[in-house]
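**Student:** Please work out how this folds:
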Amino acid sequence: MFRDASAASARSVVVVPRRPPCPAREGAEQRLGDRVTQFLSYAIPGLPYGCVFALMAVGLVLTYQTSGVFNLAYGAQAYASALIFYVCVNAGWPSWAAFLAAVVVVAPLLVWRWTAFSTASSGRPRCSSSS
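**Tutor:** Residues are numbered from 1 along each chain as shown. Model prediction:
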C-alpha cells in the first residue's frame, strides 16, 4: 500500500492535544479516594463482627424452627464452648485440640444436658414428633 516507509510512518502518527489538568477534578478524585479509604478502613475490620452476628441469628432461627421455642440458652451454650476453648488454649493446649474439646466434645454434652433436663421436667421430650 505504501511504498515509502517515511510516508507510511508520517501518516500513521496522530497527535492529540492534551487538555490542561482541571484543579477541581483533581480535588474531587482525591476526596473520592479518601472516602473509599475511610469506608474500607471501617468495612474490613467489621466483616468478622457481621459474620458472628449472622451465625448467631442463624442459630437462633434454626433452634426456633426445629423446636418451636425461642431458646436464648443457645447463647449460653456458645459462651460455654468459647470459654472452654479459651481456658484450654491458655493452659497450653494446641488450638486444634482446644477446638476439639470445646466444639466436638463439650457442645454436644451441653445440648444433651439441655434436652435431658427438659425431658425430666415435663415428662416427655420437647422435640418429639408425636403430639
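**Student:** from here on, contacts and neighbour counts on C-alpha atoms
**Tutor:** Will do.
**Student:** where do the helices sit along the protein?
**Tutor:** Applying DSSP state H to the chain gives helices spanning 5-12, 23-67, 73-90, 95-99, 107-122.
**Student:** Quick one: residues contacting A82.
**Tutor:** Taking CA atoms under 8 Å, 6 or more residues apart in numbering as the criterion, A82 is in contact with A102.
**Student:** Which pLDDT value does the model give it?
**Tutor:** Per-residue confidence at A82 stands at 88 (pLDDT).
**Student:** and it, how far is that from A73?
**Tutor:** Distance from A82 to A73, counting by CA to CA, to the nearest Å: 14 Å.
**Student:** By mean pLDDT, show me the worst of the helices of the chain.
**Tutor:** helix 5-12 - the lowest mean pLDDT of those, at a mean of 56.
**Student:** can you list the domains in this protein?
**Tutor:** For the chain, the structural domains run 24-69, 72-122, going by automatic domain parsing.
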